[in-house]
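J.: Only the shape, not the letters, is given here:
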């Protein structure tokens, strides 16, 4: 009634929202924080970040997402980015980044695990997870401070205070905390290399080779 869309199974719509809309929000938050952006509006209007989000969704998320019947996924993604780009809706990157230790297992991990199960690397999603780690260090690429609430990430912050080697840090997070599911060894090795590159070169340089157009 009243133009509402009634569906028998809402689960596919919930999955699509988590893995497209909510994931995009998280990507823009963590990458945006590292680039010094205070709002999602600024982040989505950063051409490098916008391109990264679009290519992540197109190349790594959509191949492993069973879209709900009748959903125009490309139109949905376009509407998401229009909404995020509206400066009248001032989502703050730090607010969206909060509680990533609880949000990312729903938004990012299912697609990562699906890609790995299919024998496919997911370099952009792997970088996104490394970007979350990098934000927990508390410094943006320009040296400005990053601060947001994520009590569940305290075990990772403890490791960051004691481990300087990026590759060892990734292995330690997987081994010594319960935040990540059982990741394949080859994926952890790739993520260690990615986190080292992110640590050594900064987010802008780390993103460049992952942008294909």
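T.: Good, I have the coordinates. Keep in mind it's a predicted model, so treat the numbers as computed, not measured.

J.: contact partners of the longest helix along the chain?
T.: Ranked by number of residues, the top helix in the chain under DSSP state H is helix 185-201. Residues from elsewhere that reach helix 185-201 (CB atoms under 8 Å, 6 or more residues apart in numbering): 112, 116, 121, 123, 126-127, 129-131, 133-134, 166-171, 174, 183, 205-206. (Glycine included, C-beta is placed from N, CA and C.)

J.: can you rerun that using 6 Å?
T.: Identification of contacts with helix 185-201 by CB atoms under 6 Å, 6 or more residues apart in numbering yields 116, 126-127, 130, 134, 166-167, 170, 174, 206.

J.: How about stretch 11-18?
T.: 68, 106-107.

J.: rewinding a little: next SSE downstream of the longest helix of the chain?
T.: helix 203-207 (DSSP states H and E).

J.: What score does the residue nearest the centre of the chain have for pLDDT?
T.: In the chain, the residue lying closest to the centroid (CA atoms, centre = their mean) is residue 27, at 3.7 Å. Note on residue 27: pLDDT of 99.

J.: A helix includes it, no?
T.: Yes. Looking at residue 27 with DSSP: H, G, I helix; E, B strand; the rest coil, it is inside a helix.

J.: Test my guess that it contacts residue 55.
T.: No. Using CB atoms under 6 Å, residue 27 is not in contact with residue 55, being 10.8 Å away.

J.: Would you mind listing where the protein has pLDDT under the threshold?
T.: Counting by pLDDT under 70, the ranges of the chain that qualify are 1-8, 213.

J.: Let me see the ranges of the helices in it.
T.: 11-16, 23-34, 40-44, 47-56, 73-84, 93-97, 100-107, 109-117, 123-135, 154-162, 166-176, 185-201, 203-207.
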